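Colleague: Show me the folded form of this:
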Amino acid sequence: MSFSRYIALRYFFTKRKNTAINYMSILAVVGVIISSASMLIVLSGFSGLKSYSLEFISSISPELKISASRGKTFEFTSEIKSFLKKENLKYGLSYEDKALISINENSKIVRVMGVDDGFPNKSIDSILYQGRWFDAGKNEIVVGWGTAYEMGISTLDALNPVVMYVPRAGKGQVLSEKDLVNSRRVLSSGVFSLNEELNKGLVFFDLNIARELFNLGSRAVGSIDIYCKVESTKKIESFFGSDYKIENRIQQNATIYKMLNTEQFAIYLIFSLIIVVALFNVFGALMMIGVEKRKNLQTVLVLGGSKNQVGKIFFYQGLLIAVSGCFIGVLIGSGLIVLQQKLSVFMITSTLAYPVIFELNNFLFVFFVVVVLGCIASALASRYIKKSVPQISQK
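Modeller: As a prediction, the model looks like this:
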């Protein structure tokens, strides 16, 4: 062990004569502990919320989505069907558009999604909140609970059906309302629950009903949704070519992922600033210790020690405060996270515990930020004390 490290360890563990400096040193360590633990807890909580949100999105987002590069629809040919069968890909067909739904003089524009029987039963079970899924070929829809509550839509209420209106494509003279829109009376067979946005703005119904309502061909689809894991998309991209757009789950929900990543970056930045504030205490404590130990530093210089060795003493001591404080803080934070996972101390609702997740990235980020900023604070204090050594030695 080098001379500077040995002296730094003695300064770190030895109780000082000056009570104020003792309190300041303890405060510096406690500040690093609290900021490290808080940062880990908040990052783990955000990871839990992020995973919870994306879990619902993944229920309706396929692994791959194949759609036309231009236009809303394309023809699902026998060649495409044969290719998907040959590659053993589990898929479903869908069409998305906008429609106006009306009931009891309440109207709302929503995004409607027509899906066929390829839509996974696992996804249906995970999102269905009340009632049942629509029957194929029947005039039935499944609405989000936000839409159902807002518009007063009841499940299988034949006396108050929902009316769907969509613009009629084409040209020609308009003589009546029927020349402008297509409409259809439908029943709500069930209610789903995903997230607030989708609960208020999405409606599921049968793909064949969508084709009839939007005047599409019998083989027209908006997208081919692949629900199984695909190791490589090269074959798929080669088969479909540039006329088709192939999107993975992240690309399909680019806005949501961008929003979550922006929020995560903001959390990183805010807590990094909090740790900077906590490390000001470390800087102050090192400066006070340097003032207190000026006679000892004079002795070190008289015995042949260099200014660099004196500077290293305080650099290593600041690093010890940062590393030990971070380690203890991470242990405390981990304990509180485990407590939340096991006992559900904090609840979002009466039945839903606040989700927290251990992620290696969060641990590494906390250690990286605390150690790097701790090194900077220690280096600044060390440099200042090292410069003041000649003045101290002359007194």
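Colleague: Flag the shaky bits of the stretch 101-250 of the chain, pLDDT-wise.
Modeller: 170-179 (pLDDT under 70).
Colleague: in it, which spans are strands?
Modeller: In the stretch 101-250 of the chain, the strands defined using DSSP state E, counting those that start in this stretch lie at 106-115, 128-131, 140-144, 162-167, 181-192, 202-206, 220-221, 223-226, 244-248.
Colleague: okay if I get those as a markdown table plus distance to G92 and mean neighbour count?
Modeller: C-betas here are computed from N, CA, C, even on glycine. Formatted as a markdown table, the strands of the stretch 101-250 of the chain follow (distance: least, C-beta to C-beta, whole Å; neighbours: other C-beta atoms under 10 Å):
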| stretch | distance to G92 | mean neighbour count |
| --- | --- | --- |
| strand 106-115 | 6 | 17 |
| strand 128-131 | 17 | 16 |
| strand 140-144 | 15 | 26 |
| strand 162-167 | 21 | 18 |
| strand 181-192 | 16 | 19 |
| strand 202-206 | 12 | 23 |
| strand 220-221 | 10 | 22 |
| strand 223-226 | 5 | 24 |
| strand 244-248 | 15 | 16 |
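Colleague: Make JSON lines out of these and add distance to I33.
Modeller: Formatted as JSON lines, these follow (distance: least, C-beta to C-beta, whole Å):
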{"stretch": "strand 106-115", "distance to I33": "49"}
{"stretch": "strand 128-131", "distance to I33": "43"}
{"stretch": "strand 140-144", "distance to I33": "45"}
{"stretch": "strand 162-167", "distance to I33": "57"}
{"stretch": "strand 181-192", "distance to I33": "45"}
{"stretch": "strand 202-206", "distance to I33": "46"}
{"stretch": "strand 220-221", "distance to I33": "58"}
{"stretch": "strand 223-226", "distance to I33": "49"}
{"stretch": "strand 244-248", "distance to I33": "41"}
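Colleague: Which one, of those, ends up nearest to S232?
Modeller: strand 244-248 (11.8 Å; C-beta to C-beta).
Colleague: ok, and what's touching that closest one?
Modeller: Outside strand 244-248, the residues that touch it by C-beta atoms under 8 Å, 6 or more residues apart in numbering are 63-69, 74, 233, 236-237, 240.
Colleague: Next: stretch 30-41.
Modeller: Here stretch 30-41 makes contact (C-beta under 8 Å, 6+ apart) with 271, 274-275, 277-279, 281-282, 321-322, 325-326, 328-330, 332-334, 336-337, 356, 362-363, 366, 369-370, 374.
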